[in-house]
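1. here is the input, now give the coordinates:
(2 chains)
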Amino acid sequence: MSLLTIFYILAAVTLATGFMTVISKNPIHSAIYLVLCFFSIGGHYLLFNAQFLALVHIIVYAGAIMVLILFTIMLMNLNKENEPIKSIASVLAAVVAFALLCFVMLAVFIKAMPQIENYQSSGQDYQSIKVLGKVLLNEYMVPFEFVSILLLVAMIGAVLLSKKQKTVE
Amino acid sequence: MDSALIIEKGIFIVVIFAITMLMAMYSTLAERKIAAWLQDRIGPNRAGKGGILQPLADGLKLFAKEEFMPDTPNKFLFILGPAISMTMALLTSAVLPWGDKLEIAGHTVILQATDIDVAMLYVFAVLSVGVYGIMIGGWASNNKYSLMAALRASSQLISYEVAMGLSIVALIMMSGTMSLREIAAQQEGMNWNVFYQPLGFIIFLVCSFAETNRTPFDLAECEAELIGGHHTEYSSMKMGFYLFGEYAAMFISSAILAILYFGAYNYPGMSWVAENWGANMANILGIVVLFIKICFFIFFYMWVRWTIPRFRYDQLMNLGWKMLIPLAIANIVLTGVIIIIADKYL
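-> Numbers count the residues shown, from 1 in each chain, chains lettered A, B, ... in the order given. Reported below is the predicted structural model:
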């Protein structure tokens, strides 16, 4: 079994579960299909030998975000099987946002190609966490710090929101 | 060469699987025996000599029980729940180093299924996915008590994962690697991490109790309030899978504790043994030592279970978010400062 076969299987799983996420009427089934979709994307990362990216993807998306989404669905008792049809405007907005994201991703990949060739010619394992950490904390120090501050702000905001509700009660 | 490696790793994985299962099986007996000992009773002693066959009898009983299916529209998810729990409990053993290496007929066998350089993240990924077993099972039971217990258990798991991850960060800073094999190798002799990271070890230990759903954190199966927890509706071997997965998780988590903080397969005088009795003998002794450490932690789990009563839910959350997480962050800062000072002046 070559890598290509594995890629086709993974791609089929990704697409199928992605469609099922959208099509499913039951929100919990939808969420579970999305989890499977994340796992198959993690598999794609592993095919590129990007172990760090695959594991972080699973920890963050499948392990944290989707658990919280499942939580909300279960707590809000959304498991009734009727979902109102969304307005055309929001669907259109979603499509435009997705197209823009694709554009950015394409640009990123095109710009990354010479970098990857550099690493390949010097024989460095550019997927390893050692190289990744050095690049993140040397070349991209400032954006990295900005991202951490952004996350910190979100965390403090969440704490504040939960505190306000307590004083109201 | 390639296929030889695959066969070797395959045999190794099967052996580790069998050992995990055996340890989980006999943990159930040990739990009952230790409970009996602590409560001044005799414990199970009918099946075999001194109750040695009790786990087999238990297993047989669970298999022979009636398979009851609640009236749920999600039959598949109902079966999936215990399957995920069990699988995730077993998956972690793939990255754990069970020993250094053995020389068998001029061929070096590394006693680890796979050595990836992000092994620590792998452990956490498996841990965070394990939550789904409880959540899906509890939801698919179509029972309000199961759902409440599942929500409780999973909020407990994700809360304590945060503190656990933060306590590990300090250890990673100190050892400079995420590979469990290298962390194990660094703790040569009595150079165990527990002496350098005592606070981190205590936080990690408390979080391990919460992650394996053991008393004092076994709120998921708080029978006084929630009947039987997320597995209220389960019967027969599906129920057995949940319980068995818990014991397998306890074994694996004891192994992680021993490997990360208690020197893995290292013991004082290992180099002396290697010089005098040969490297193989030293490494075999290392495996034995690792299993003794694991057994000690399993005993510790049980000792605590039969000594300390259960926390209340708000106490659990307060301990997790207001005590352990700030402590873990303070530990990271402290470790950073000490590493810089040690680099400069020592």
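2. going by C-alpha atoms from here, please, whenever you check contacts or count neighbours.
-> Noted.
3. how close does the residue nearest the centre of chain A sit to residue B:121?
-> Note on chain A: the residue nearest the mean C-alpha position is residue A:61, at 5.6 Å, using CA atoms, centre = their mean. Distance of residue A:61 to residue B:121, computed by CA to CA, to the nearest Å: 14 Å.
4. give me the buried positions along stretch B:266-282.
-> Buried residues in stretch B:266-282, counting neighbours by 16 or more other CA atoms under 10 Å in any protein chain shown, are found at B:266, B:267, B:270, B:271, B:273, B:279, B:280, B:282.
5. possible to save those as TSV with pLDDT?
-> Formatted as TSV, these follow (pLDDT from 0 to 100):
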residue	pLDDT
B:266	84
B:267	85
B:270	81
B:271	80
B:273	83
B:279	80
B:280	82
B:282	84
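6. please identify which pair of those residues lies farthest apart.
-> Using CA to CA, the pair of these lying farthest apart is B:267 and B:280, separated by 14.5 Å.
7. am I right that residue B:102 is in a helix?
-> No: the assignment for residue B:102, made by DSSP: H, G, I helix; E, B strand; the rest coil, is strand rather than a helix.
8. mind checking the SS state of the closest residue to it other than its chain neighbours?
-> Spatially, and ignoring its direct neighbours in sequence, residue B:102 is nearest to residue B:109 (5.1 Å; CA to CA, 6 or more residues apart in numbering or on different chains). Each residue gets one of three states, and residue B:109 gets strand by three-state DSSP.
9. residues contacting residue B:109?
-> Residue B:109 sits next to B:101, B:102, B:103 when contact means CA atoms under 8 Å, 6 or more residues apart in numbering or on different chains.
10. quick check on those: which are buried?
-> If we count by 16+ other CA under 10 Å, those have these buried: B:101, B:102.
11. is residue B:117 part of a helix or strand, or is it coil?
-> coil.
12. next to chain A, which bits of the stretch 51-200 of chain B? Give me the list.
-> Within the stretch 51-200 of chain B, the positions lying close to chain A (CA under 8 Å from any CA of the partner chain) are B:117-118, B:121-122, B:124-125, B:128-129, B:131-132, B:139, B:151, B:158.
13. mind picking the two most distant members of those?
-> Largest separation among those by CA to CA: B:117 and B:139, giving 36.1 Å.
14. which one of those two has more residues nearby?
-> residue B:139 (25 against 20; other CA atoms under 10 Å in any protein chain shown).
15. can I assume that one is in contact with residue B:149?
-> No: Residue B:139 lies out of contact with residue B:149 (CA atoms under 8 Å); the separation is 9.6 Å.
16. residue B:186: how many residues sit nearby?
-> 16.
17. circling back to that earlier point, switch the buried residues of stretch B:266-282 over to TSV; also include distance to residue A:18.
-> Formatted as TSV, those follow (distance: CA to CA, whole Å):
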residue	distance to residue A:18
B:266	48
B:267	51
B:270	54
B:271	55
B:273	57
B:279	53
B:280	51
B:282	52
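18. which one of these is nearest chain A?
-> For these, the residue nearest chain A by CA to the nearest CA is residue B:266; the value is 26.3 Å.
19. helix, strand, or coil at that closest one?
-> coil.
20. got the buried residues for the helix or strand hosting residue B:83?
-> When secondary structure is defined by DSSP states H and E, residue B:83 falls within helix B:75-91. Judged by neighbour count (16+ other CA under 10 Å), helix B:75-91 contains these buried residues: B:77-91.
21. stretch A:109-122 too?
-> Buried, per 16+ other CA under 10 Å, within stretch A:109-122: nothing.
22. leaving aside the residues adjacent along the chain, what's closest to whatever residue of the stretch 201-346 of chain B ends up closest to chain A?
-> Closest residue of the stretch 201-346 of chain B to chain A, CA to the nearest CA: residue B:321 (11.3 Å). Sequence neighbours aside, residue B:159 is the residue nearest to residue B:321 in space, at 7.2 Å (criterion: CA to CA, 6+ apart).
23. just residue B:248 next, same as before
-> Leaving aside its chain neighbours, residue B:248 sits nearest to residue B:24 (4.9 Å; criterion: CA to CA, 6+ apart).
24. look up how far residue A:56 lies from residue B:176.
-> Taken as CA to CA, the span from residue B:176 to residue A:56 is 18 Å.
25. ugh, typo on my part, it should be residue A:17
-> Note on residue A:17: its distance to residue A:56, by CA to CA, is 20 Å.
26. who's more crowded, these two?
-> Using other CA under 10 Å, the more surrounded residue of residue A:17 and residue A:56 is residue A:17, with 21 against 18.
27. helix, strand or coil: sort out the more buried one for me.
-> Three-state call for residue A:17 (three-state DSSP): helix.
28. what is the strand or helix carrying residue B:329 packed up against?
-> Remark: residue B:329 resides in helix B:325-345, with elements defined by DSSP H and E. If you count contacts as 3 or more CA pairs under 8 Å, 6 or more residues apart in numbering or on different chains; DSSP states H and E, helix B:325-345 packs onto helix B:144-175, helix B:198-211.
29. need those helices in CSV with distance to residue A:51 and mean pLDDT, can you?
-> CSV is the format used below for these (distance: least, CA to CA, whole Å; pLDDT from 0 to 100):
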stretch, distance to residue A:51, mean pLDDT
helix B:144-175, 18, 87
helix B:198-211, 24, 91
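30. could I get these as a markdown table with mean neighbour count?
-> What follows is the helices and strands packed on helix B:325-345, written out as a markdown table (neighbours: other CA atoms under 10 Å in any protein chain shown):
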| stretch | mean neighbour count |
| --- | --- |
| helix B:144-175 | 22 |
| helix B:198-211 | 22 |
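31. dump the ones you listed into JSON lines; add distance to residue A:149 as well.
-> Output for these, formatted as JSON lines (distance: least, CA to CA, whole Å):
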{"stretch": "helix B:144-175", "distance to residue A:149": "18"}
{"stretch": "helix B:198-211", "distance to residue A:149": "25"}
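32. longest helix of chain B?
-> If you go by DSSP state H, chain B has its longest helix at helix B:2-38.
33. give me the next element, helix or strand, following that helix.
-> Where DSSP H and E defines the elements, the next helix or strand beyond helix B:2-38 is helix B:54-64.
34. tell me the buried residues in that following helix?
-> B:54, B:55, B:58, B:62.
35. same check, this time on stretch B:284-299
-> B:284-287, B:289-291, B:293-295, B:297-299.
36. do the same with stretch B:327-336
-> For stretch B:327-336, a neighbour-count test (16+ other CA under 10 Å) marks B:327, B:328, B:329, B:330, B:331, B:332, B:335 as buried.
37. reformat these as TSV; add distance to residue A:126 and pLDDT.
-> Putting the buried residues of stretch B:327-336 into TSV (distance: CA to CA, whole Å; pLDDT from 0 to 100) gives the following:
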residue	distance to residue A:126	pLDDT
B:327	34	90
B:328	31	90
B:329	30	88
B:330	32	91
B:331	31	92
B:332	27	91
B:335	28	92
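38. what does chain A have sitting close to chain B?
-> Checking chain A against chain B by CA under 8 Å from any CA, the hits are A:51-52, A:55-56, A:58-59, A:62-64, A:67, A:71, A:74, A:128-129.
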